[in-house]
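K.L.:
Next input, structure requested:
(chains A, B, C, D, E and F)
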Number of protein chains: 6
Amino acid sequence: MKRDEVNLNLNLIDRMPTGIPGLDNMMEGGLPKPSIILLAGDAGAGKTTFCTQFLCKGADLGERGLYLLTFGGPPDLLFKYASSYEFVKSAYFGKEICYIVLEEVVEEACRSKEILEVLEREIDALQPARIVIENLSVLGDILKDDYGRFLFKLSHLIKAKKVVALIAEDSETDAPYPAPIAQVADGIILLQNDEINFTRRRSIEVLKMCGTSHHSGKCAVDISVKGLTVYPGL
Amino acid sequence: MKRDEVNLNLNLIDRMPTGIPGLDNMMEGGLPKPSIILLAGDAGAGKTTFCTQFLCKGADLGERGLYLLTFGGPPDLLFKYASSYEFVKSAYFGKEICYIVLEEVVEEACRSKEILEVLEREIDALQPARIVIENLSVLGDILKDDYGRFLFKLSHLIKAKKVVALIAEDSETDAPYPAPIAQVADGIILLQNDEINFTRRRSIEVLKMCGTSHHSGKCAVDISVKGLTVYPGL
Amino acid sequence: MKRDEVNLNLNLIDRMPTGIPGLDNMMEGGLPKPSIILLAGDAGAGKTTFCTQFLCKGADLGERGLYLLTFGGPPDLLFKYASSYEFVKSAYFGKEICYIVLEEVVEEACRSKEILEVLEREIDALQPARIVIENLSVLGDILKDDYGRFLFKLSHLIKAKKVVALIAEDSETDAPYPAPIAQVADGIILLQNDEINFTRRRSIEVLKMCGTSHHSGKCAVDISVKGLTVYPGL
Amino acid sequence: MKRDEVNLNLNLIDRMPTGIPGLDNMMEGGLPKPSIILLAGDAGAGKTTFCTQFLCKGADLGERGLYLLTFGGPPDLLFKYASSYEFVKSAYFGKEICYIVLEEVVEEACRSKEILEVLEREIDALQPARIVIENLSVLGDILKDDYGRFLFKLSHLIKAKKVVALIAEDSETDAPYPAPIAQVADGIILLQNDEINFTRRRSIEVLKMCGTSHHSGKCAVDISVKGLTVYPGL
Amino acid sequence: MKRDEVNLNLNLIDRMPTGIPGLDNMMEGGLPKPSIILLAGDAGAGKTTFCTQFLCKGADLGERGLYLLTFGGPPDLLFKYASSYEFVKSAYFGKEICYIVLEEVVEEACRSKEILEVLEREIDALQPARIVIENLSVLGDILKDDYGRFLFKLSHLIKAKKVVALIAEDSETDAPYPAPIAQVADGIILLQNDEINFTRRRSIEVLKMCGTSHHSGKCAVDISVKGLTVYPGL
Amino acid sequence: MKRDEVNLNLNLIDRMPTGIPGLDNMMEGGLPKPSIILLAGDAGAGKTTFCTQFLCKGADLGERGLYLLTFGGPPDLLFKYASSYEFVKSAYFGKEICYIVLEEVVEEACRSKEILEVLEREIDALQPARIVIENLSVLGDILKDDYGRFLFKLSHLIKAKKVVALIAEDSETDAPYPAPIAQVADGIILLQNDEINFTRRRSIEVLKMCGTSHHSGKCAVDISVKGLTVYPGL
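P.N.:
Next comes the predicted model:
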């Protein structure tokens, strides 16, 4: 288990570097470990790129990563899309980094318990340090009243397995992030791509990060073939 | 299968030219292939014109195109409307480009499986490279809880058939595009016709395009008998 | 069938003059024929006056017109109200122009099929070139899930009978026009009477018109005993 | 039946003076007769005062008036409140002007037919020229799906009895007037008491008046012991 | 029964002084009697203080007062909170002023009739001139469809007992006061504590007061150990 | 029972210091005792830090504290997060301050009575002077119609046990605090982290505090390893 030592005299919380240049020093060296981090933003704001950088950084450090999609695929196409970024090493995929599409599981299972069992089995099999979950909120429609309990149990599973889980979700019409997931999240990061005077301006903001003195307010973000890069001001 | 070679050293994703002057060089030469592209906008913003240009461009290149309407018609009237544009060659219709009205299928079928089977049969019969689907969200009211699953399965079908599907949808009262379709879309393009100081200004914006470095922010659009033309600024 | 020849070299679509001074040359000589045109606006914006002008223009040209109300009446009172306009010739009413109140039909029929049969019978009996339908959206509450199908079938009926149908609807609280009717409309015209600095300003806008190069943006409208008159600017 | 002769050469519609100084000459001499006029406004905007002036003006002219409340009372308290205005002559009440509280009828009847029969009986008994109905929309909760049909039938009753009915309703949170009543109304008048720079400013506006060239935009209103007085500008 | 004689030549309506310095001369000497007055405002706007001043003023004048809470307590704690104000005389409580918590009654009774019987019994026992009811709208959730009828009957009870009832309610998210209670209220008073340029400004406004020429627009309010004091301007 | 004597001549209400530098002298020395205080704010506004300071201040004064979470944990991770603050003494945890996760109780119990019994048992066992409850509103989904009654009973329990309960809740999309809890709260404190010109500004505001002359308007707040510090202005 890698330990980020920068803030040792401040607290005992392990830190995991995100792989996003400029982001880790906004929050005492990285994401607290273990933790559930909600990454929210509009379509096109850069969530998938963020998640891919996060897993590739882990692979660079020898950590295994699990990319869970509630639906989608096929994995080879996802990899093809991802491979347009410079930081993506094709050797990682299928080895350090595994894409798993949960669609079939979700279709068959209709109770939170079964989905959690599949998740636990996959985690136990790969032993990842980093997990990405895309569009978890799709399960809200399927699990209905059982969704709240599912999120609580998922939170316990992530903590018990001592991993950092990044949950990537679309912003909603009238709220920047889905409230049910925010309730179980230890940290919330917003990616935005707001229209200002008819142009778009990308920004990132650490809205909440448990046990962490984090930067307050938005920072500028650039997306290129190098992925996301965070700049100090706006 | 035509390959757009411009960005070969950047990535391996095939590109399909849209036929809209000025648009393709906003996104590395065209739409990724295969992909589902959501084209959203208010009534009168130019969605049907965009779709017709997209299919006619394909026909110019020798690609077959399928224009699927969830309701509407009759096809000869649709062609009559379309024929007011200069880029429309009447010889294409019924040959390279086929209009198919799904209304009867939709009325009889009430499960996603049956609709998907009809779609697959039509795709297998015509072997199109380009597909347009208008007002797909009408199926949300009919399929209800089955709609989410339908969209996931449709996504798999499009990917398996290696086509580019353009899904044209009306903007909603409080959201620029329908969220369920956005969740399965590889790209999102917005057409707008906003009122600014009591005049209308047309614009286009590539909000998201998987595996693609795309232009950020709105560009001006003109609609004439030549169809849509995109201009670099606003 | 009268043919408006102005745009013959542009396209082959028949045009029907609206009878509103200044409006037809905003859209290549008139409304496309056949078509369903949605005329939306707030209470008091001039929808009924527009519809009456439309039918009287037809009567001037020897075309028969059908004024369908989903409820209301009695017809003699409606005529009395209409007769305050100079363009209304009392001789037309009951002959070229017929008011039909659908209230009883709607009360008895509770399926779209029966209402469509009555509509078809009335159209076949009068052989109108122009139809006005007021407050069609009232049927949404009555037909419920069957309403969408009703609108699609109505659209086919209008096209098959080769008439122009003007559907006059109130704007809704949070949307300028009712979305379900917009989905089957070939054109959308908005009448507004907005409050600006505590005075009201009337405007008209052609938001969409299939197969037509139409004027973009709002134009000023005046309502007097001559009915609506459209002015080029605002 | 009194005839307002001012606009005889314009149209044949009878006019009924409102009794509000300054209002009648905003709309060709008064309210069209017969008609249903929706009077909408926030609490405290002056609706009850308007209605009382309307009935007292009728009594001055020898016309009988019916003041229908869907709930409330007791009538002697209502009269006591009303008697603070100079234009109220106590002799009218119980004779030319009758208060009728419908609460008991509404509680017992739960179908529109029964309520309409009571209304018709009361109208036939008193033979009023003017009717006020307060808070008619309360019946929406009671009649539910039958409410729309009730309003259509009420509209026919008012027209058949050749009276002018003034329906006073509270504005709603997100709309200036209740849409279902607006659909059957021949005219709509808004009373407002808006907050502007922390003071209240009273205004009146004729939003719609069938068969009538009416003043457009808001006019200032004063409420004193003389009741409402309308001033030309704002 | 005390009579406020100031406006005798204007009307015959009894007036009851509120005990709020500066408020009575905004509305012809006080609240009309009998009447239901809705006092609405956000949490912390001063509603409870207003109500306590109202009852203590009555006690000063020898009138008994009833403070009804739909839930809460215990009464000795409520008195302890109230006793921080200078105008509160501890001798009044339990004698001239009685706190009654309706929570148990409401829990057991589930129909409006039973709650009204308890209210009538309490009124008959204490013979109050002034009644305060806090959070009456809680009954809306309990009585559901019966709530409207309950409010009408409560209105009749208050009028029959010839008391002034002050109903204190929280403002709602999107409306300054609860509409169902406003429908039966003879007067509406708003207390606000709006944020303006990051500071809070307290204000009071008489929005409606039946049979009363009242001040229009907001006035400034101060809350101190003397309770609310109203100042003429803002 | 500690008594804060500062305002003795003003009233008899006990005061409990919050432990937040600068906050107590905004409200006569502290929170009234006993009381329920609603602490509301967006994710990341500092609610958990506030609550931890509140309990540690109590521990400094020899008072026991109970930290109730409706879900979450595990407690050792919560303590690890908390330990990044200077004011947290590790010796307190498990002794003066106990974390209790109610998740299992809530899952098994589905009626308010059972949850209240567990709460009472825990309070009787630890005899705390201070209680924190996080995310109480989660119970709204579980208890449904029983939630209102639960809150009333909880209010009685807190008063009977003579403790101060701090209820920490997320702000909602369209309201700064959850209305049902506000209805039973004796005080409301808002923590905000608003975006102003693309930076975040932290503020605190005492919106309501029963029996207390409190500061009105927002004050600036800083969050550091010393926890929250309140500054007089903004």
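
K.L.:
Quick check: residues of chain A near chain E?
P.N.:
Residues of chain A lying close to chain E (CB under 8 Å from any CB of the partner chain): none. Where C-beta positions appear, they are placed from N, C-alpha and C, glycine not excepted.

K.L.:
For the residue lying farthest from the centre of chain A, list the residues it contacts.
P.N.:
Taking CA atoms, centre = their mean, the residue of chain A most remote from its mean C-alpha position is residue A:197, at 30.5 Å. Applying CB atoms under 8 Å, 6 or more residues apart in numbering or on different chains to residue A:197 gives no contacts.

K.L.:
pLDDT score assigned to it?
P.N.:
Note on residue A:197: pLDDT of 75.

K.L.:
Tell me the backbone dihedrals of it, please.
P.N.:
Main-chain dihedrals, residue A:197, degrees, to the nearest 10: phi 50, psi 50.

K.L.:
From chain C, how far off is it?
P.N.:
Per CB to the nearest CB, to the nearest Å, residue A:197 is found 21 Å from chain C.

K.L.:
try residue A:164
P.N.:
42 Å.

K.L.:
Spatially, what comes nearest to the residue of chain A found nearest chain E if we skip its sequence neighbours?
P.N.:
Taking CB to the nearest CB, chain E has its nearest neighbour within chain A at residue A:174, 12.6 Å off. Excluding its sequence neighbours, the residue lying closest to residue A:174 (CB to CB, 6 or more residues apart in numbering or on different chains) is residue F:173, at 5.5 Å.

K.L.:
same thing with residue A:140?
P.N.:
What sits nearest to residue A:140 in space, not counting adjacent residues and going by CB to CB, 6+ apart, is residue A:147, at 4.7 Å.

K.L.:
check contacts around that neighbour.
P.N.:
A:112, A:139-140, A:180.

K.L.:
any idea which element it lies in?
P.N.:
Element membership for residue A:147 (DSSP states H and E) is helix A:147-160.

K.L.:
Run through who's touching whatever helix or strand comes next after that helix.
P.N.:
Sequence order places strand A:164-170 as the next helix or strand after helix A:147-160, per DSSP H and E. Contact with strand A:164-170 is made by A:16, A:31-43, A:47-48, A:50-51, A:54, A:129-137, A:158, A:177-178, A:181, A:185, B:179, B:182-183, as judged by CB under 8 Å, 6+ apart.

K.L.:
Return a ChimeraX selection command for the buried portion of those.
P.N.:
Here is the ChimeraX selection string for the buried members of the contacts of strand A:164-170, based on 16 or more other CB atoms under 10 Å in any protein chain shown:
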select /A:16,31,32,33,34,35,36,37,38,39,40,41,42,43,47,48,50,51,54,129,130,131,132,133,134,135,136,137,158,177,178,181,185 /B:182,183
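
K.L.:
Among the contacts of strand A:164-170, which ones are in strands?
P.N.:
Judged by DSSP state E, these include A:16, A:31-33, A:35-41, A:130-134 as members of strands.

K.L.:
before we move on, the earlier item: the residue nearest to residue A:174 against residue A:173, yeah?
P.N.:
No. Using CB atoms under 8 Å, residue F:173 is not in contact with residue A:173, being 9.8 Å away.

K.L.:
Can I get stretch A:40-48 in CSV? Just the C-alpha atoms.
P.N.:
Taking Å, rounded to 0.1, in the frame of the first residue of the first chain, the C-alpha atoms of stretch A:40-48 are listed here in CSV:
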residue,chain,number,x,y,z
ALA,A,40,-19.7,15.0,-11.4
GLY,A,41,-20.1,17.1,-14.5
ASP,A,42,-22.1,17.7,-17.7
ALA,A,43,-21.7,15.6,-20.8
GLY,A,44,-18.4,16.5,-22.5
ALA,A,45,-16.8,18.0,-19.3
GLY,A,46,-14.0,15.4,-19.3
LYS,A,47,-15.2,12.8,-16.7
THR,A,48,-14.1,9.8,-18.8
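
K.L.:
Figure out how far it is from the centre of its chain.
P.N.:
Stretch A:40-48 has its C-alpha centroid displaced from the chain centroid by 11 Å (CA atoms, centre = their mean, to the nearest Å).

K.L.:
what about it and chain F, any contact?
P.N.:
No. Using CB under 8 Å from any CB, stretch A:40-48 stays clear of chain F, coming no nearer than 10.5 Å.

K.L.:
Show me the contact partners of that stretch.
P.N.:
Here stretch A:40-48 has contacts from A:39, A:82, A:134, A:168-171, A:176-178, A:188-193, A:202, A:221, A:223, A:228, B:177, B:182, B:185, B:188, B:207-210, using CB under 8 Å, 6+ apart.

K.L.:
Specify the beta-bridge partners of the residue positioned nearest the centre of chain A.
P.N.:
In chain A, the residue lying closest to the centroid (CA atoms, centre = their mean) is residue A:166, at 2.1 Å. Beta-bridge pairing for residue A:166 (DSSP bridges): residue A:37, residue A:132.
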